[in-house]
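Asker: pasting a predicted model and its sequence here:
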Amino acid sequence: MEQANNKKVKLGFIGLGQRGAAFGMTDGSIGLMGNVLNNAKDAIITAICDRFPERLEAAAKRIMDNGDPKPLMTTDYKELMNSGVDAIIISTSWDMHVKVALEGMEAGVPVAMEVGGTHNIDECWKLVDCYERTGTPIFFMENCCYNKDEALVTSLARNGVLGEIAFCQGYYCHDLREEIAGGIDTHHYRLAEYTNYNCENYPTHELGPIAKLLHITSGNRFTKLVSMASKSIGLKHYIANNPKYKDRLGDREFKQGDVVTTMIECENGETIFLKLDTTLPRLYERGLTASGTKGFYNQTTQSVIIDDGKLDHEHTAYKDMFFTAKDYDKYLPDDWRNITPEQIKSGHGGMDFIMLKHFIHCIKYKKPMPIDVYDAVTWMSVTALSEQSIANGCVPVECPDFTRGKYKTRKTVDTMDYPIVKD
């Protein structure tokens, strides 16, 4: 049993842009910093870092308006790491994630690193080697692992409701044309990414929950993948028809294909299908499914199909056999059964709140990170591997074992406590 600990975790924020502080956002997002201020009673922000002074000033004001002391304000993240913080949160541009994380680990400061892929497998090995040498905890902030839908399907799998899982799929379908083109004004890193690379550039939202469900790095591993990309026309068309960007970006060529699909093979025999679709008009969808011997979960339709021997899969009324996800609320972890309306509103439907709560708890009580360095690099590496596959004619590419064989005996650390349900 944990002993009471009233000490607040001192956090340092590195990167105060869209994800870090959500300045300029109009969709109700409050960013990671706002989530800590509004919900994490066990934490306080004591230091902030960004290369833009106006962001530092705005963030400091927000912290002080919350009733907290003025934080250290710096453009040098090394100064922040040496300021006495208990942990750092890295929400910089993608290309800086690994560099800053490595320096934080070398300084002995626990790290929470925002998501995104990497174009360099060597970076993955550097993270692993640094962790194994220093022992500094690193947490990969894949918030979708804490979402209600993903929590439900994982709990269904853990309880055997779906039987033995054979196949999963996940999408990152999100119309980001304005965000990408708007990077010319907002400094958003996606503009450079879509200009310079052609790959599955954002795999972890869909892949992270699937990997956890399939015990990847803990008894299972990815063995190979193959990717292919469609032509790149979406951004060109969008820019040509948008006066705000036509003159400044009209001549820009983009390498990134509009739709990238990836298939992954797992050692235990499962396969995974991923789709990246961000530069054509469409609705947001993560499209998580899990197909097992007893049943099927579908995030898009919010439904569960159980094979009870009566399933007529060709009948026109087969949808009448769907169970809604709400029929399975008893399988949800307490994090979702006890969440408040205010916490749900605090960012991405509540999953940001739950994710940060778990990270802060792990720091406070020195517990193992539920999404650790081996999870992080395994999921991130899909970007570099997909890039290799596409560039070489959509050939299969071997997936490295970043655990160096430890996956065979590593025990799964779930992101949440999934209930054991006895019907």
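Answerer: Received the coordinates, thanks.

Asker: which residue, other than its chain neighbours, is closest to Lys367?
Answerer: Spatially, and ignoring its direct neighbours in sequence, Lys367 is nearest to His361 (7.0 Å; CB to CB, 6 or more residues apart in numbering). Glycine gets a C-beta too; all of them are placed from N, C-alpha and C.

Asker: in the stretch 201-350 of the chain, where is pLDDT below threshold?
Answerer: 309-323, 325 (pLDDT under 70).

Asker: can you pull out the strands in it?
Answerer: In the stretch 201-350 of the chain, the strands defined using DSSP state E, counting those that start in this stretch lie at 222-229, 259-266, 271-277, 289-292, 295-298, 303-306, 323-324.

Asker: relative to Gly31, which of those strands is closest?
Answerer: Nearest of those to Gly31, taken as CB to CB: strand 271-277 at 23.3 Å.

Asker: for that closest one, name the packing helices and strands.
Answerer: Contact analysis of strand 271-277 by 3 or more CB pairs under 8 Å, 6 or more residues apart in numbering; DSSP states H and E lists strand 165-173, helix 204-213, strand 259-266 as its packing neighbours.

Asker: for Gly285, give its distance to Asn147.
Answerer: One thing to correct before we go on: residue 285 is Glu, not Gly. Distance of Glu285 to Asn147, given as CB to CB, to the nearest Å: 13 Å.

Asker: which of these two has more neighbours?
Answerer: More crowded of Glu285 and Asn147, by other CB atoms under 10 Å: Asn147, with 24 against 16.

Asker: the residue nearest to Lys367 contacts Met369, doesn't it?
Answerer: No: look at His361 against Met369 with CB atoms under 8 Å: they stay out of range, at 10.8 Å.

Asker: and those two? which has more neighbours close in?
Answerer: Met369 (22 against 17).

Asker: would you say that one is within a strand?
Answerer: No: counting by DSSP: H, G, I helix; E, B strand; the rest coil, Met369 is not part of a strand but coil.

Asker: gap between it and Met141?
Answerer: Distance, Met369 to Met141, using CB to CB: 11 Å.

Asker: what residues are shared contacts of those two?
Answerer: Phe359 (CB atoms under 8 Å, 6 or more residues apart in numbering).

Asker: what residue is smack in the middle of this structure?
Answerer: Glu142 (2.7 Å; CA atoms, centre = their mean).

Asker: number of nearby residues for the closest residue to that one other than its chain neighbours?
Answerer: Nearest in space to Glu142, with sequence neighbours left out and distances taken as CB to CB, 6+ apart, is Gly208 at 3.9 Å. Gly208: 26 surrounding residues under other CB under 10 Å.

Asker: re the thing from before, contacting residues around the residue nearest to the centre of the chain?
Answerer: Contacts of Glu142 by CB under 8 Å, 6+ apart are Val115, Thr204, His205, Gly208, Pro209, Met355, Ile371, Trp379.

Asker: can we see that at 6 Å?
Answerer: Going by CB atoms under 6 Å, 6 or more residues apart in numbering, Glu142 touches Val115, Thr204, Gly208, Ile371.

Asker: isn't the third one up against Cys145?
Answerer: Yes: the pair Gly208 / Cys145 is scored as a contact, 5.0 Å apart, by CB atoms under 6 Å.

Asker: quick one, longest helix in the chain?
Answerer: helix 373-391 (DSSP state H).
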